[in-house]
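Chemist: sequence plus predicted model, see below.
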Amino acid sequence: MFASRGLDAQRLLAGARIDGALLQDPDGRVEVDDITRLWELAVAWSGNPALGMDRELPARHVNFDMVGYVMLASPTLKAGLLHLSRYYAVISDAITLDLEPDGCNHWMVLGLIGNTRPLPRQRLEYSLLTVATLCRWITRRDVQPLAVEFVDPEPADARPYVAAFGCPVRFGQPRNRLLLTNRDLEMPLLSSDPVLFDMHQRVIESRLVRLGHASTSQRVTEEIIHRLHLGEPRREDIASSLAMADRTLQRRLREEDTNFQQLLDDARRDLAQKYLAEDRYTLGQVADLLGFADQSNFFRASKRWFGVSPGQYRARLAERESLAASLNTAD
């Protein structure tokens, strides 16, 4: 995609310290921060702050491989997107996708996990455009979102975004997401095939094993992270999403020397560290994103994790960042 925009792909890879040979390995993985660096260089060298905002680009250059085949064999667009959400770890360790109801429609919400540095807005914008393109590809219809929202502030020229998505685009919003109609989501897919679906699902489950997503605890943690912003997930629901009985889930977690409550607590702690490091989230929003029923529960959990309240922990992080900045300036 970058090459089609006139950029030197090999120079970009070298600048991001990515081994080009790795791209030929179906099981190869590129570190999250290396992909971030690749995007940063591409935007800087192209001089285009809206890099990727052309609806033809993902149609030509994005390949979802087995995830796409599972989606094509699904009964409806909604089922396909739910499978995309479940298997997105095959594609990225930095991004999650979730389908959330909103009245008569659903938001496809893009989330972040596993990154140690902020992802460039262009990477996130292109990811959401890719989802919109994927909806058109598997339905063979011109599915149009009702609206698209981005966290980052409005750019100087928003016209490429409106042209790419074909709907109202809002900036400075709480989350990166696009709104789809239930009519489109419930649309039967012409390519639906239960036999092919089972075959492709077995292949993608095997791919997850090779990529290190085989353990039950890892899969449970991923499901927890996907659901936390909707409230505290129930173990029974997680078991159902993993196609196993609740009793089986408990047994497998015991065999891995852990349990559901521990995985839930660990996921919340890790995400709390991430969210509290970002000033754009209020403490109330962090509590909601972590699935706490009220802020008092979040306060008690923070005291247990970090020994201080959420506000004090955020202040401590800010002090460390300020000290590091002053040391860099002195150097």
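Modeler: Looks like it came in fine.
Chemist: now Arg268, what's its secondary structure?
Modeler: Classification of Arg268 into helix, strand or coil gives helix, according to DSSP: H, G, I helix; E, B strand; the rest coil.
Chemist: actually, Asp98.
Modeler: When classified by three-state DSSP, Asp98 comes out as strand.
Chemist: does it have beta-bridge partners, and which?
Modeler: For Asp98, the beta-bridge assignment (DSSP bridges) gives partners Val109.
Chemist: any idea how far Ile91 is from it?
Modeler: For Asp98, the distance to Ile91 under the criterion Cβ to Cβ, to the nearest Å works out to 15 Å. Using the backbone N, CA and C atoms, a C-beta is placed for each residue, glycine as well.
Chemist: neighbour count: the two, which is higher?
Modeler: Neighbours per residue, other Cβ atoms under 10 Å: of Asp98 and Ile91, the larger number sits with Asp98, 22 against 19.
Chemist: my read: that one touches Val131, true?
Modeler: No: counting by Cβ atoms under 8 Å, no contact exists between Asp98 and Val131, whose distance comes to 11.4 Å.
Chemist: list residues touching both of those two?
Modeler: Met108 (Cβ atoms under 8 Å, 6 or more residues apart in numbering).
Chemist: once you drop chain neighbours, what's closest to Tyr88?
Modeler: Once its chain neighbours are removed from consideration, Tyr88 has its nearest residue in Leu97; the separation is 5.3 Å (Cβ to Cβ, 6 or more residues apart in numbering).
Chemist: enumerate every residue touching the one you found.
Modeler: Under the criterion of Cβ under 8 Å, 6+ apart, the neighbours of Leu97 are Leu81, Leu84, Ser85, Tyr88, Met108, Val109, Leu110, Gly111, Val131.
Chemist: can I get those residues in JSON lines with pLDDT and neighbour count?
Modeler: Putting those into JSON lines (pLDDT from 0 to 100; neighbours: other Cβ atoms under 10 Å) gives the following:
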{"residue": "Leu81", "pLDDT": "93", "neighbour count": "23"}
{"residue": "Leu84", "pLDDT": "89", "neighbour count": "24"}
{"residue": "Ser85", "pLDDT": "83", "neighbour count": "18"}
{"residue": "Tyr88", "pLDDT": "83", "neighbour count": "20"}
{"residue": "Met108", "pLDDT": "94", "neighbour count": "24"}
{"residue": "Val109", "pLDDT": "90", "neighbour count": "19"}
{"residue": "Leu110", "pLDDT": "89", "neighbour count": "21"}
{"residue": "Gly111", "pLDDT": "82", "neighbour count": "20"}
{"residue": "Val131", "pLDDT": "94", "neighbour count": "19"}
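Chemist: now, among the residues you listed, which is nearest to Gly47?
Modeler: For Gly47, the closest of the contacts of Leu97 turns out to be Leu110, at 25.6 Å, with distances computed as Cβ to Cβ.
Chemist: quick one: the closest one from Thr181, how far?
Modeler: Relative to Thr181, Leu110 is positioned 19 Å away (Cβ to Cβ).
Chemist: got the phi and psi for Pro188?
Modeler: Backbone torsions for Pro188, taken as degrees, to the nearest 10, come to phi -60, psi 140.
Chemist: before we move on, the earlier item: so which two of the contacts of Leu97 are the farthest from each other?
Modeler: For these, the maximum inter-member distance is 14.3 Å, found between Leu81 and Gly111 (Cβ to Cβ).
Chemist: run a quick neighbour tally on Gly28.
Modeler: The criterion is other Cβ under 10 Å. On that basis, Gly28 has 11 neighbouring residues.
Chemist: surely it is within a helix?
Modeler: No: membership of Gly28 in a helix is not supported by three-state DSSP, which gives coil.
Chemist: tell me the contacts of it?
Modeler: Applying Cβ under 8 Å, 6+ apart to Gly28 gives the contacts Leu22.
Chemist: what ranges does the stretch 51-200 of the chain have for its strands?
Modeler: Chain-ordered strands for the stretch 51-200 of the chain, with DSSP state E, counting those that start in this stretch as the definition, fall at 95-102, 105-112, 147-149, 169-170, 176-181.
Chemist: what's next to the third one, contact-wise?
Modeler: Here strand 147-149 makes contact (Cβ under 8 Å, 6+ apart) with 128, 132, 161, 165, 167-171, 173-179.
Chemist: nearest to Tyr281, of these?
Modeler: Distance ranking of the contacts of strand 147-149 against Tyr281, using Cβ to Cβ, places Pro174 first at 8.8 Å.
Chemist: list the contacts of the closest one.
Modeler: Applying Cβ under 8 Å, 6+ apart, one finds that Pro174 lies in contact with Glu149, Val151, Gln285.
Chemist: may I see the buried residues of stretch 99-110?
Modeler: By neighbour count, with 16 or more other Cβ atoms under 10 Å as the criterion, the buried positions of stretch 99-110 are Leu99, Asn105, His106, Trp107, Met108, Val109, Leu110.
Chemist: and this structure, what are its domains?
Modeler: According to automatic domain parsing, the chain is divided into the following domains: 55-185, 215-320.
Chemist: buried ones among the contacts of Pro174?
Modeler: With neighbours counted by 16+ other Cβ under 10 Å, the contacts of Pro174 contain buried members at Glu149, Val151.
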